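Asker: Below are the sequence and a predicted model; questions follow.
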Amino acid sequence: MISLVVDDHGIWMGTNNGLLIYKDYSGEMRITDFSTEGNGIYNLEIDKEGSLWFIQARSDKETLIKLKPDGSSLDYTPNLQGDDRIRSLKVLDNGDLYIGATSNNNYLFKYDFTTKEI
């Protein structure tokens, strides 16, 4: 396990081999396998809609992923160039989601919950 976050019902854990593990407070465990897409899952955050956001290390670049409560997932990686990389996520108390990156042009991105875009 390389990262974790707690929600109202249990604990999410990211692993270095592409597995996302959820253990609810009754002890039931669920595993979502993202290993076909890449490796490490880290910087887990829960947004105001109950979706889990995380970064996954993939062969070409780190990817920002949103896992919705219904189990579907979407990639939301900002348009980065060259050696630019996503490095961190943070959901603020007011619900805003910020994405930090190493970049020559933009280093801070904000997810817009209205337009569903970064």
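Answerer: Noted; the coordinates are in hand. Here the structure is a predicted model, which means the values were calculated and not measured.

Asker: which intervals of this protein have sub-threshold pLDDT?
Answerer: Across the chain, the ranges flagged by pLDDT under 70 are 78-81.

Asker: Strands of that one, residue ranges please.
Answerer: Assigned by DSSP state E, the chain shows strands spanning 3-6, 10-14, 19-24, 29-33, 41-46, 52-57, 62-67, 73-75, 85-91, 97-102, 108-111.

Asker: Endpoint to endpoint, stretch 53-63 covers what distance?
Answerer: Taking C-alpha to C-alpha, to the nearest Å, stretch 53-63 runs 11 Å from one end to the other.

Asker: again with stretch 91-104
Answerer: In stretch 91-104, first residue to last residue: 24 Å (C-alpha to C-alpha).

Asker: same question, stretch 110-118
Answerer: From its first residue to its last, stretch 110-118 covers 6 Å (C-alpha to C-alpha).

Asker: And for stretch 83-95?
Answerer: By C-alpha to C-alpha, the extent of stretch 83-95 from end to end equals 29 Å.

Asker: who's in contact with that stretch?
Answerer: With contact meaning C-beta atoms under 8 Å, 6 or more residues apart in numbering, stretch 83-95 is reached by 43-48, 53-55, 61-64, 77-78, 80, 97-105, 113. In short, each C-beta sits where N, CA and C put it, glycine included.
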